[in-house]
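Engineer: based on what follows, work out the 3D shape:
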Amino acid sequence: MRSRPLPPRSGLESIRAFFERPPVQHLSLELAVCWILERLLEADTYPTALMQDLSSSHPKLRLSETVLQQALGFLDQDGAIASYAKRCPSRGRPRRMLHLLETRRSDAEQLMAPWHHWLDENERNLHASSHAPGPGIHPAPHAAAGHRPGVLSAGRQQGPHDRR
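Structural biologist: Here you go, the predicted model:
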């Protein structure tokens with residue numbers, strides 16, 4: 001995920017704002033495949049609806065057109081989906097509908113537990129009021145940025161007799 005440019009706030013206030021209002025998160029290929037399969041387990045759909053449904057169901061998540069097309073290509077090459085044309089009275093041309101093949105329904109259903117687990121964890125992390133390190137994130141074992149190891153906060157060098 002690319003970082004967004006910092007807003008024109010002063011100093012550390014902009015960093016705090018990042019954690020208070022996290023930016024939207026774009027789905028990776030793997031997550032996009034799971035999102036598509038979840039929707040196709042419910043009913044046939046079309047690509048634009050997949051993007052719209054994601055942003056309405058999960059406001060902090062987005063799916064780029066590029067990743068959507070890559071995920072659809074992956075599912076097509078894997079033999080999990082088929083497409084067909086459906087006439088819509090409100091459109092001049094037929095809509096490309098996506099369909100989950102019955103032979104792959106079981107495989108798609110097996111991915112729903114880890115997909116929903118990821119969604120739950122992601123939602124919890126995005127809405128957490130505390131930003132303490134999680135179980136997989138630990139403070140760096142080196143000096144903090146701007147501080148050299150062996151230099152005390154008052155600026156006095158640590159001598160060999162000060163070390164433990």
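
Engineer: so for stretch 49-62, mean pLDDT?
Structural biologist: Averaged across stretch 49-62, pLDDT comes to 92.

Engineer: distance from the chain centre to it, please.
Structural biologist: 12 Å (CA atoms, centre = their mean, to the nearest Å).

Engineer: ok, now stretch 87-97?
Structural biologist: 31 Å.

Engineer: give me the contacts around it.
Structural biologist: Asp44, Thr45, Tyr46, Pro47, Ser83, Tyr84, Ala85, Lys86 (CB atoms under 8 Å, 6 or more residues apart in numbering). All C-beta spots, glycine's among them, are computed from the backbone N, C-alpha and C.

Engineer: ok, and for the helix or strand containing the fifth one, which residues are buried?
Structural biologist: Of the helices and strands defined by DSSP states H and E, Ser83 is found in strand 81-86. Neighbour-count burial for strand 81-86 flags Ile81 (criterion: 16 or more other CB atoms under 10 Å).

Engineer: list the helices and strands it packs on?
Structural biologist: helix 65-77, strand 95-100 (3 or more CB pairs under 8 Å, 6 or more residues apart in numbering; DSSP states H and E).

Engineer: next, the buried residues of the longest helix seen in the chain.
Structural biologist: If you go by DSSP state H, the chain has its longest helix at helix 105-127. For helix 105-127, burial by neighbour count (16+ other CB under 10 Å) applies to Ala108, Trp115, Leu119.

Engineer: okay, who's weakest in those residues by pLDDT?
Structural biologist: Minimum confidence in these sits at Leu119, scoring 93.

Engineer: so how far is His26 from the closest residue to that one other than its chain neighbours?
Structural biologist: Excluding its sequence neighbours, the residue lying closest to Leu119 (CB to CB, 6 or more residues apart in numbering) is His58, at 7.1 Å. Distance from His58 to His26, counting by CB to CB, to the nearest Å: 12 Å.

Engineer: the more surrounded of these two?
Structural biologist: A count of neighbours by other CB atoms under 10 Å puts His58 above the other of His58 and His26, at 18 against 15.

Engineer: so Phe29 sits right up against Val67, yeah?
Structural biologist: Not Phe; residue 29 is Leu. Yes: using CB atoms under 8 Å, Leu29 is in contact with Val67, at 5.9 Å.
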